[in-house]
Each structure stands twice: as structure tokens, then as C-alpha cells.
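>>> Let's see this in three dimensions:
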Amino acid sequence: MDTSRNAIVSGATAGIGLAVAHELLRRGHKVFICGRDEGRLTAALAGLAEEFGGERIGGSTCDVRSLASVEQMVALAGARFGRIDTLINNAGMAFISAFEDITPDQWNSIIETNLTGVFNCCRAALPWLKKAGGADIVNLGSRSGRYSFAGGTGYNTTKFGLQGFTEALFLDLHQYGIRVSLVAPGTVATGLGGTAAEDWHLLPQDVAKVVCDLMSADRRATVNWVEIRPSQPR
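Alright, predicted model coming up:
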């Protein structure tokens, strides 16, 4: 039986998203990546193709804040592989700022990217996922979706919201055989939000392995929520 997956990974030109794409390809799956920056997308695609060949790889620019942009990206992914059975929502942004210093533009940007972007990707991919006869949506959350921190008004809001979105979405979509999971890592050495990497931080490949392991579970099992903490508690 063919167990290979055809996956879309958003925000996959660097960091966790690129690590997830790499791990999926290493396991024999097909991957369509997207990101807003054309130069970074081209470089990511070239690097993946050099290691794995280009047959199982596709990609396009996409701004997840725009439903039209997402719909175009999903159509390209469907045309590239003929089937989409996995959606990994990784695109996101962060900033650390006291509430009184947050501008309306910053607030709108983080909400539109971290929450509306996930909604857009799920909405656009849903017809494909329903046809797959057993699909997965994995949302990249954060431990910041359970534990607040000073300066995290914007980021905490989106990650708390994403946890609720994920749990409710599972209840809506399980009737179609679509599993919905959330992976919530602690601090990862990606520089997100201007956080400098330290030796105790998780690495992107640590998160990527967990994401891919979720999809290998028997279809009778859905892992709804996974928290990943560094070995050195912080």
C-alpha cells in the first residue's frame, strides 16, 4: 500500500517549515512549499532539489494573509501532485512588545498572519483534503499558547487562539477522516521575534521530527496536541 503523502507546508523557506519539508522528503513524501519572499523561496527549492531531486518538490510564493493568494498556491500544489492529503500550517510571525507600544498595524499583521493565515490555508485546501480519504492538518503552535509572558500580548493572543481553532476544527472535520493536530514547541533556535539562539533551545529538526511522526500514526488515532519542551527546562 502506498503510504506516501502529498503535503503543503506554509512558511517553509527557512526555520521550522524548511526543516519539516526536509524531513518529509527524507521519508519519501512529496512536498509543496510556499513563502512570501521569492528569493528565499527559490533558494529553499534549489537546496531541497539538490539533496532530493526535483521530482517530489514544488513551490510558489504566497501571502497567507490573502485568501486569493492562498487559493492560487493550493491550486498550483494540486496541479503539481494531483492530490493533497496533508496541510502543515507553519507560516507565522512574532514580536515582543509592551502592550502600550503595539501599533494597530503590528496588531493587525500578527492576527492576519498567525490566525487568518491558518484559516485561509485550511479553507482553500479543504476540498482537496476531503477527497483524499484520510488527511492531516498540522498547525504549528507554541507553548505560548498556554503560558503567557510579558511583552507577548500579540503573540500569546494568536497562539492561544490557534489552540482553540485546532481543537474545534478537529471536531468539525473528523467526519471526513481529516485529523487535526497542534504541535506546540518551546523556544526554537530560529530567531523568531528577534530572540537570539542559545544552546538550550530546541532545533527546527526536533520539531520537524514530531510533526512527521504524528502523520505516521494509525488512522484510528489522532494526536490532537503535543507540547515539546527543551531538555533544560526554562
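
>>> quick one: low-confidence ranges for this protein?
For the chain, applying pLDDT under 70 flags the ranges 1-2, 190-194, 196-198, 200, 233-234.

>>> can you give me the helices in it?
For the chain, the helices defined by DSSP state H cover 15-26, 38-52, 67-81, 104-111, 117-131, 153-173, 204-215.

>>> quick one: the shortest one to helix 117-131, angle?
Helix 104-111 and helix 117-131 meet at an angle of 20 degrees, taking axes from the mean of the first three to the mean of the last three CA atoms, to 10 degrees as the criterion.

>>> Out of the helices of the chain, which is closest to residue 222?
Shortest distance between residue 222 and these, using CB to CB, is found for helix 153-173: 6.8 Å. C-beta: built from backbone N, CA, C; applies to glycine.

>>> circling back to that earlier point, let me know which of the helices of the chain is tucked in deepest.
helix 15-26 (a mean of 24; mean count of other CB atoms under 10 Å).

>>> Now do that helix: distance to the chain's middle.
For helix 15-26, the separation from the chain centroid amounts to 10 Å (computed by CA atoms, centre = their mean, to the nearest Å).

>>> again, but for stretch 153-164
Distance of stretch 153-164 from the chain centroid (CA atoms, centre = their mean) equals 15 Å.

>>> again, but for stretch 13-23
That offset, for stretch 13-23, works out to 9 Å (CA atoms, centre = their mean).

>>> And the contacts of it?
Contact with stretch 13-23 is made by 9-12, 31, 33, 35, 37, 40-41, 43-44, 48, 51, 88, 90-91, 140, 185, 188, 190-192, 203-205, 207-209, 211-212, as judged by CB atoms under 8 Å, 6 or more residues apart in numbering.

>>> next one: stretch 48-64
Against stretch 48-64 from outside (CB under 8 Å, 6+ apart): 10-12, 21-22, 25-26, 29-38, 41, 44-45, 69-70, 72-73, 76-77, 80-81, 91, 113, 116-118, 120-121.
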